[in-house]
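1. any chance you can model this:
(chains A and B)
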Amino acid sequence: MKRFKEYIALTLVSIFLGFILSIQFKTISKTVGEGVLPTQRAQQLAVELKKAQNERDAQAKMIEELETKIKQYEMSEVDKNVYAENLYNDTMKYRMLAGYLDLEGPGVVIEINDPPVDLEYGEGYSIVDFLDLVLQVISVLNAADAEAISINDQRYTAFTEIEKAGNHIEINGVSTSAPIVIKAIGRPETLESALNLKGGIVTELRYYDFLVQVNQEKNIVIPKYRKIKEFIYSSPVEEIAN
Amino acid sequence: MVKKNNPKIILTLFSIIVGIFIATQIKMKLEIYAPVTVKSLQMTKAEIASINNKISELNKIIKLKEEELELLENIAKGDDNIIDILQQDIKYNKLHSGQTSLKGPGIIITMYDNPEDRTIGFDLNDDVIHDIDILNIINDLRIAGAEAISINGERVIATSEIKCAGPTIRINGRSSATPFVIKAIGDPKLLYASVNAPGTYGDILKIYDIGFETTVEDSLFIPAYTGVFNFKYAKPLGKGD
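-> This next block holds a predicted model:
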């Protein structure tokens, strides 16, 4: 009798183990894909990612080469007459305004780091969930006469959107995440005191426990806008000569 | 007890062996394959998709630059003139920096403060339009691909600030007061949805009884940026002294 009991116990335990194993297998094959080990898939993806990154870098390099070539041609032509030189300077000004030129100059750098995760109360939150505040930082900088602004090395233009996508954000269609580094060229003192105004935007960020650093810098480089905005719906209105 | 293979002892031994086996297995796996979780796989996938997007974007730029280069090379042959090319360039950059008036289809949003008197005790701030409300609407419109935006006749460009200043809101250095009329040129359907779909910022404003009306227009006029712009601090990279 005693023996019989032992067998029953053993059988039950075995069945139980079997169930657990089969459930585990089912979940894995559902989430990762049948017949594929997750590690294999990960390796495949890593290779793909590397390939895509290489291609992107190669293209960026090619664009750079083309640009220097164009610049050389332009300069050599422009030097030939004064009218062309003036026009060229005008071109540069509008390129700067439109954001199609790398710029450098004095200004401020603001770094916004996520608050440290509270171990006791579980998950922390990220600046990604507070995009309102990022929009306000930019508006404050513009109010303080910033001449050019970038967020995580994406030039802020008239078409720049800041969009939350999952646990990261997309700026100019490029995904990025915390920490957020905003650079602005302008008069450093004005920019910094506009940000640090009592009860201003930095106070508000710190109120939510974000780690904010504002630094004046003598030379900031702000990259150009790397996107082509196509005007599909709008057409220019011929300006009346005045 | 001659019976050597006592099932109990064997069972215990095997259980221990299996236990150690599983434990070591898990430990090893954690070390080598720790980053491979379903989440990390999905993230890698998303990253690849975004890089591929970027690549097609870069391809477009390369094509554009190549055309530009070809034009410049034509100068050498005498087919083209540098002045024409520069003028073309200025036109293009004026268009992209908001220095050109535009017309096209789009939407008009009219926003005004809650006109009703509230009983004492309600937060008056909930009834009034703030700069952040407008910033969010503008951001939503840009996500929907707006090509040009103006607020009360002021073109919104890269350096436009939208800031509360007492009872008014300052845009491009000019004061504006409620009602705010925001015009945007772009795909009217997309623009309309971006501020009216459930859960969007515009939709939330309506819950607070802020006046928020959207109309679709076949033809809108958005003026050029009228301010004068001078770069005092910023210099093209490599040219600063």
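
2. count the neighbours of residue 13 for me.
-> Just so you know, I chose chain A. Using other C-beta atoms under 10 Å in any protein chain shown, residue A:13 has 11 neighbouring residues. Bear in mind the C-beta positions are built from the backbone N, C-alpha and C, glycine included.

3. meant chain B actually
-> Residues near residue B:13, counting by other C-beta under 10 Å, number 10.

4. likewise for residue B:111?
-> For residue B:111, the neighbour count with other C-beta under 10 Å is 21.

5. so residue A:103 sits right up against residue A:96, yeah?
-> Yes: contact status for residue A:103 versus residue A:96: in contact at 6.4 Å, counting by C-beta atoms under 8 Å.

6. more neighbours: these two, which one.
-> Between residue A:103 and residue A:96, counted using other C-beta under 10 Å, residue A:103 has the larger neighbour count: 26 against 22.

7. touching both of residue A:103 and residue A:96, which residues are there?
-> A:148, B:234, B:236 (C-beta atoms under 8 Å, 6 or more residues apart in numbering or on different chains).

8. okay, now the unreliable bits of chain A?
-> A:1, A:28-29, A:31-38, A:118-124, A:239-242 (pLDDT under 70).

9. which stretches in it count as strands?
-> With DSSP state E as the criterion, chain A has strands at A:103-113, A:148-151, A:154-155, A:162-165, A:168-171, A:174-176, A:180-185, A:211-222, A:235-236.

10. residues in contact with residue B:222?
-> Residues in contact with residue B:222 (C-beta under 8 Å, 6+ apart) are A:234, B:101, B:102, B:103, B:148, B:149, B:150, B:155, B:183, B:185.

11. what's the closest of the residues you listed to residue B:212?
-> Ranked by distance to residue B:212 (C-beta to C-beta), the contacts of residue B:222 are led by residue B:183 at 14.7 Å.

12. who wins for neighbours among the shared contacts of residue A:103 and residue A:96?
-> Counting neighbours by other C-beta under 10 Å, residue A:148 comes out on top of these with 30 neighbours.

13. stretch A:226-242 close to chain B?
-> Yes: Stretch A:226-242 comes into contact with chain B (C-beta under 8 Å from any C-beta of the partner chain), by way of A:226, A:227, A:228, A:229, A:231, A:232, A:233, A:234, A:235, A:236, A:237, A:239.

14. from those, pick the one nearest residue B:138.
-> Using C-beta to C-beta, residue A:229 comes nearest to residue B:138 of the residues of stretch A:226-242 next to chain B, at 15.6 Å.

15. list the contacts for that closest one?
-> If you count contacts by C-beta under 8 Å, 6+ apart, residue A:229 has them with A:157, A:159, B:96, B:147.

16. how about 6 Å then?
-> Residues near residue A:229 by C-beta atoms under 6 Å, 6 or more residues apart in numbering or on different chains: residue A:159.

17. swap in the one 4 residues further on?
-> If a contact means C-beta under 6 Å, 6+ apart, then residue A:233 has B:104, B:105, B:147, B:185, B:186 as its contacts.

18. one step back: can you lay out the strands of chain A as JSON lines showing distance to residue B:77?
-> Converted to JSON lines, these look like this (distance: least, C-beta to C-beta, whole Å):
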{"stretch": "strand A:103-113", "distance to residue B:77": "34"}
{"stretch": "strand A:148-151", "distance to residue B:77": "37"}
{"stretch": "strand A:154-155", "distance to residue B:77": "35"}
{"stretch": "strand A:162-165", "distance to residue B:77": "46"}
{"stretch": "strand A:168-171", "distance to residue B:77": "42"}
{"stretch": "strand A:174-176", "distance to residue B:77": "39"}
{"stretch": "strand A:180-185", "distance to residue B:77": "40"}
{"stretch": "strand A:211-222", "distance to residue B:77": "37"}
{"stretch": "strand A:235-236", "distance to residue B:77": "30"}
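
19. counting neighbours, what do you get for residue A:48?
-> Using other C-beta under 10 Å, residue A:48 has 16 other residues around it.

20. how about low-confidence regions in chain B?
-> Applying pLDDT under 70 to chain B flags residues B:1-5, B:25-38, B:76, B:78-80, B:117-124, B:239-241.
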